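*Asks:* 3D, please:
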Amino acid sequence: MTGIRRRRSRGFTLVEIMTTIGIIALVAVITVPSISGLDADRETAGTQAIMESIAFARDLAFDRGHYGVYFDTAADTVSVFRLDVTTNPPTPVYDVLNPLVKALYSIDVAAAYGLDLTVIDIDTAGPKDQVDIAFTPDGTPVVSADLSPMTKSVIEFEYAGEKINVEVEVTSGRIFLK
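*Replies:* Coordinates of the predicted model:
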């Protein structure tokens with residue numbers, strides 16, 4: 001038994017290398033689809049946040065008077081406002097609180113969801129990078145500057161090169177993806 005010598009290993013065997021490559025490939029196959037699914041989740045969450053902001057303003061209008069949503073495309077933010085109709089022209093007042101976080105209702109959709117906000121095809125009296133949709137107490141969408149009924153209202157935003165459109169139906173105030 002004194003004649004048995006151990007040979008010192010100088011590297012990895014082919015079986016060890018192939019096993020390691022197989023494990024790395026398996027981990028990659030499992031994680032890559034879930035990482036790409038995160039993008040779809042962010043897009044869905046951002047779309048939902050914009051639609052919920054519009055619905056929240058419309059619901060407030062049903063309950064309390066004139067409310068609206070302001071889309072600042074330069075800053076990629078969405079804010080809910082109360083419309084003071086006692087002034088001429090009506091004045092947006094940004095004192096609406098988000099009921100979940102008890103802070104002013106404003107969402108930075110670029111930072112929170114990676115969305116690039118663009119407003120297209122909407123009635124507005126102001127510049128195209130600062131537009132809003134207001135609602136009367138019966139839920140009808142109106143132009144906040146003069147309370148005239150809207151004839152069109154489509155909000156477009158972009159996520160990873162894909163354009164998404166949210167439309168507010170001008171007769172009922174219903175909100176849907178276009």
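
*Asks:* burial of the nearest residue to Asp116 once chain neighbours are set aside, as a residue count?
*Replies:* Spatial nearest neighbour of Asp116, chain neighbours left out: Glu158 (4.3 Å); criterion: CB to CB, 6 or more residues apart in numbering. The way it works is simple: take the backbone N, C-alpha and C, and place the C-beta from them, glycine included. The burial metric for Glu158, expressed as a neighbour count using other CB atoms under 10 Å, is 14.

*Asks:* and Glu158, what does it touch?
*Replies:* 115-116, 118, 164 (CB atoms under 8 Å, 6 or more residues apart in numbering).

*Asks:* For these, pick the one with the most neighbours.
*Replies:* Looking at those with neighbours defined as other CB under 10 Å, the largest count falls to Leu115 at 25 neighbours.

*Asks:* okay, and for the protein, where does confidence drop off?
*Replies:* Per-residue confidence for the chain (pLDDT under 70) gives these ranges: 1-9, 31-40, 119-130, 159-160.

*Asks:* now do 80
*Replies:* In the predicted model, the chain carries pLDDT under 80 at residues 1-12, 26-43, 117-131, 151-163, 171-172, 178.

*Asks:* At the geometric centre of it, which residue do we find?
*Replies:* Using CA atoms, centre = their mean, the residue of the chain that lies closest to the mean C-alpha position is Gly46, 2.0 Å off.

*Asks:* Surely that residue touches Val109?
*Replies:* Yes: with the criterion set as CB atoms under 8 Å, Gly46 and Val109 qualify as a contacting pair; they are 5.6 Å apart.
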